[in-house]
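Peer 1: I'd like to go over a predicted model; first the sequence, then the structure.
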Amino acid sequence: MISGFRFKFRLFVRKVMNVIGLSICSLAGVLATAALCLVVGYIVKNGYQAVNWKLITQGPTPIGTEGGGLRNAIVGTLVLLAVASCIGVPLGVLAGIYQAEKAGKFAKTVRFLADVLNSVPSIVIGLFVYAVVVIPIARMHEGNGFSALAGGIALSIIMIPIIMTATEEILKMVPRRLYEGSLALGATRFTTMFRVIVPAAKAGLITGIMLAVARVAGETAPLLFTAFGNVTFSVRLDKPIDSLPLSIFYNATSPYDYLKSQAMAGSLILMMIIAVFRLSARLTTRKSKMA
Amino acid sequence: MGIDRSQHSQPRAPLSRQSPLRSKNSKLLAVDSWYGFLLLCASAVVLLIILAIILEIYLQSRQSMHTFGAKFLTTKEWDPVDEVFGARVFILGTIYTSLWALLLAIPLSLGTALLLADIAPALIRKPVGFLIELFAAIPSVVYGMWGILVLVPWLLQHVETPISESQRWGRFFLFDAAPNGNDFLAASVLLSIMVIPIITGIARDVIRAVPQEMREAAYALGCTKWEVIRKVVVPCAKTGIVGAVMLGLGRALGETMAVTMVIGNSPDFSLPLFSPGYTMPSVIANEFTEAPSPLYRSALMEIALILLVVAILVNGAARLMVSLTSRRFRRVIA
């Protein structure tokens, strides 16, 4: 038998351990959150000071001359995202529908490989697109082959597995009886999917797509060898194009103070673009839940 | 799993041949078979992309493989002028920064995950959970910019200089180098800040997947909250937590921009944290567009191949571990 004193002592020790353990976890939480808030706070504060109308509407000046802005980069990022979405969304959604409709060996293999694709480092995707898109174009035409199209393809390769997984999961949440009811009425599979299932899952699909776009908007590494960057204004798909992540990279590593403040402004704008996509994704889902 | 279509598929076709609606039906069925073909094509594209990535990177690196063979992994030199290339420095640099980053990030993120899953009141859980999600969405180049403008000067002034000037610690093997700011320490700290939201998010979901009944049973036996966490929750979620950490490792290994901006980019590896180094992704990012010779580019492609294989293995193992935990408790972790 444990004597009264020893029991009380042990209880005391356990209570102390409880307080210590919980405090350590709380401390970790405070530290982690504080460190991350420090990063965001710094960018928001300094970025806000650096952003102005001129910065958004002007292109860059020759290096070393004060002034200039991020117009090319902002437009370039939007062009790249549009190209990436044009390629990535249809492929990702269709592949996701395939996953939801069929459950064979092929479907399982594709899903496994999509997971593999998801874990490929983004710089390797950049190298791949350089090898299969940039080099052949450079061989066929004059110039170095870097293009907005290549950048968009690189980003779309990152998007496809994300959209595919999201589509599959959302379609599986649609009740089966909708599918069966539609087929029982004599509708084809095609009609069933695009007139019944997809409308029912629309909000979720849009959310998945928005999140995928937000995810690739900040990718830098795959653009280094594909979109390459461009000091002149361009929206042409066959020419190199500037983008916000690339301009942040080059400006932040440059020795000039005015370029560093442009990098901070660019970071703020980039984060706001990402926030807009993520927020609209959240709002779409919320609205559909209320309906 | 999925929408099962086996009852509705091909057996209909022969019936329609006898029906008066034959022409209409066959048109509709034709639409369906085209539709099925379209879906199949999209899936095939996904399959082809990943196979093409592996094949193309392999083909591009063959020249380097022929020239250097297996020695490529162990050769120290990285000499573009004499065209002698070896990946050892970069492999070690990648492992070294990732390990330090995990060492810093694991206690912080697991503590935060436990806080968010078990300890904190609901009032704190939601906003902090939202913040963690937000931080995971910040692009790496933005972290890199913060690193270059804030972290590097701060570490140099408040950590590296005092330590290397102190009599007691200055000669310790981890600190025995002239501090210059852009070094392994900066890269590791920055990487740890970047992987904290990832590990925290997944570890929290894994910990939440542990059934509430198990916690309640432990409370009923008289356990304190800490004992419930230490003796019930953590052992149950162990595999998944290791998976979460490995996903963080996968992210750290492939991280390019932020590391490139703060690690100093010198093809050299030494243990002191204050010495500049290089990692596999950052050498590719820095040197590929300027590499003049095919052999040089091929050597960089071989580094990409090593990185690719390692990343696939680490991420695969991590996903398996996370899904094992969720399957054990029949909960889906997003």
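Peer 2: Sure thing, it's come through.
Peer 1: let me see the ranges of the helices in the stretch 151-300 of chain B.
Peer 2: B:152-155, B:161-165, B:184-208, B:212-220, B:225-228, B:234-254, B:257-262, B:280-287, B:294-328 (DSSP state H, counting those that start in this stretch).
Peer 1: would you mind giving those helices as TSV with distance to chain A, mean neighbour count and mean pLDDT added?
Peer 2: Where you see a C-beta, it was placed from the backbone N, CA and C, and this is true even at glycine. Shown next, in TSV, are the helices of the stretch 151-300 of chain B (distance: least, C-beta to the nearest C-beta, whole Å; neighbours: other C-beta atoms under 10 Å in any protein chain shown; pLDDT from 0 to 100):
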stretch	distance to chain A	mean neighbour count	mean pLDDT
helix B:152-155	10	18	93
helix B:161-165	20	14	84
helix B:184-208	5	26	93
helix B:212-220	12	13	91
helix B:225-228	4	19	92
helix B:234-254	3	23	92
helix B:257-262	5	29	93
helix B:280-287	5	24	93
helix B:294-328	3	20	91
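Peer 1: buried residues, stretch B:79-93. List them.
Peer 2: B:P80, B:F85, B:G86, B:A87, B:R88, B:V89, B:F90, B:I91, B:L92, B:G93 (16 or more other C-beta atoms under 10 Å in any protein chain shown).
Peer 1: look up phi and psi at B:A137.
Peer 2: Its backbone dihedrals place B:A137 at phi -90, psi -10, with angles given as degrees, to the nearest 10.
Peer 1: got the domain boundaries for chain A?
Peer 2: The record's domain parsing of chain A by automatic domain parsing lists A:1-50, A:53-290.
Peer 1: the shortest one close to chain B?
Peer 2: Right, the one you point to is domain A:1-50. Yes - shown here: domain A:1-50 in contact with chain B (C-beta under 8 Å from any C-beta of the partner chain) through A:14-15, A:17-18, A:20-22, A:24-29, A:31-33, A:35-37, A:39-40, A:42-43.
Peer 1: related to what we said a few turns ago, redo the buried residues of stretch B:79-93 as a markdown table? Include secondary structure, pLDDT and distance to chain A.
Peer 2: Output for the buried residues of stretch B:79-93, formatted as a markdown table (DSSP: H, G, I helix; E, B strand; the rest coil; pLDDT from 0 to 100; distance: C-beta to the nearest C-beta, whole Å):
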| residue | secondary structure | pLDDT | distance to chain A |
| --- | --- | --- | --- |
| B:P80 | coil | 88 | 18 |
| B:F85 | strand | 92 | 16 |
| B:G86 | coil | 91 | 19 |
| B:A87 | coil | 92 | 15 |
| B:R88 | helix | 93 | 19 |
| B:V89 | helix | 93 | 18 |
| B:F90 | helix | 94 | 13 |
| B:I91 | helix | 94 | 14 |
| B:L92 | helix | 94 | 18 |
| B:G93 | helix | 94 | 15 |
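Peer 1: which one of those is nearest to A:L246?
Peer 2: B:F90 (22.9 Å; C-beta to C-beta).
Peer 1: which residue is the nearest non-sequential neighbour of the closest one?
Peer 2: In space, B:F90 comes closest to B:M280 once its chain neighbours are excluded; the distance is 4.6 Å by C-beta to C-beta, 6 or more residues apart in numbering or on different chains.
Peer 1: contacting residues around B:L307?
Peer 2: Each residue near B:L307 by C-beta atoms under 8 Å, 6 or more residues apart in numbering or on different chains is listed here: A:P121, A:I123, A:V124, B:T94, B:L253, B:G254, B:M280, B:P281, B:I284.
Peer 1: once you drop chain neighbours, what's closest to the residue in the stretch 101-250 of chain A positioned nearest to chain B?
Peer 2: Closest to chain B within the stretch 101-250 of chain A is A:G218: 2.4 Å, counting by C-beta to the nearest C-beta. Using C-beta to C-beta, 6+ apart and skipping the chain neighbours, the partner closest in space to A:G218 is B:P139 (2.4 Å).
Peer 1: residues in contact with the one you found?
Peer 2: By C-beta under 8 Å, 6+ apart, the neighbours of B:P139 are A:A217, A:G218, A:E219, A:T220, A:P245, A:L270, A:M271, A:I274.
Peer 1: in helices, which of those fall?
Peer 2: The helices, defined by DSSP state H, take in A:A217, A:P245, A:L270, A:M271, A:I274 from the contacts of B:P139.
Peer 1: grab the nearest non-local neighbour of the first one.
Peer 2: Pointing back at A:A217 there. Taking C-beta to C-beta, 6+ apart, and ignoring the residues beside it in sequence, A:A217 has A:I274 as its nearest neighbour in space, at 5.2 Å.
Peer 1: what comes up buried for the helix or strand harbouring B:G111?
Peer 2: Secondary-structure element containing B:G111, defined by DSSP states H and E: helix B:88-114. Taking 16+ other C-beta under 10 Å as the basis for neighbour counts, the residues of helix B:88-114 that come out buried are B:88-98, B:100-102, B:104-106, B:108-114.
Peer 1: so where's the stretch 51-200 of chain B uncertain?
Peer 2: Low-confidence segments of the stretch 51-200 of chain B, defined by pLDDT under 70, are absent.
Peer 1: B:L28 and chain A, how far apart?
Peer 2: 5 Å (C-beta to the nearest C-beta, to the nearest Å).
Peer 1: remind me, longest helix of chain A?
Peer 2: Ranked by residue count under DSSP H, the longest helix found in chain A is helix A:4-50.
Peer 1: which helices and strands does that one pack with?
Peer 2: Applying 3 or more C-beta pairs under 8 Å, 6 or more residues apart in numbering or on different chains; DSSP states H and E, one finds that helix A:4-50 makes contact with helix A:257-290, helix B:88-114, helix B:122-136, helix B:140-146, helix B:184-208, helix B:225-228.
Peer 1: make a markdown table from those and add distance to A:H141 to it.
Peer 2: What follows is the helices and strands packed on helix A:4-50, written out as a markdown table (distance: least, C-beta to C-beta, whole Å):
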| stretch | distance to A:H141 |
| --- | --- |
| helix A:257-290 | 31 |
| helix B:88-114 | 34 |
| helix B:122-136 | 40 |
| helix B:140-146 | 30 |
| helix B:184-208 | 39 |
| helix B:225-228 | 66 |
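Peer 1: ok, which of those comes nearest B:S323?
Peer 2: Put simply, out of these the one that sits nearest B:S323 is helix B:184-208, at 10.1 Å, with distance taken as C-beta to C-beta.
Peer 1: returning to what we had before: buried ones among the residues of domain A:1-50 next to chain B?
Peer 2: Restricting the residues of domain A:1-50 next to chain B to buried positions leaves A:18, A:21-22, A:25-26, A:28-29, A:32-33, A:36, A:39-40, A:42-43, with burial counted as 16+ other C-beta under 10 Å.
Peer 1: of these, which is the nearest to chain B?
Peer 2: Once C-beta to the nearest C-beta is applied, the member of those that ends up nearest chain B is A:A28, at 2.4 Å.
Peer 1: surely the closest one meets B:G111?
Peer 2: Yes - between A:A28 and B:G111 there is a contact under C-beta atoms under 8 Å: 2.4 Å.
Peer 1: alpha carbons of stretch A:177-187, as CSV, please.
Peer 2: Coordinates of each C-alpha in stretch A:177-187 appear next as CSV, following Å, rounded to 0.1, in the frame of the first residue of the first chain:
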residue,chain,number,x,y,z
ARG,A,177,-28.5,8.8,-55.6
LEU,A,178,-28.2,11.9,-57.8
TYR,A,179,-26.0,9.9,-60.1
GLU,A,180,-28.2,6.8,-60.1
GLY,A,181,-31.4,8.8,-60.4
SER,A,182,-30.1,10.6,-63.5
LEU,A,183,-28.9,7.4,-65.1
ALA,A,184,-32.3,5.8,-64.3
LEU,A,185,-34.0,8.6,-66.2
GLY,A,186,-32.1,7.5,-69.2
ALA,A,187,-29.5,10.3,-69.2
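Peer 1: since that was my last question, I'll sign off now.
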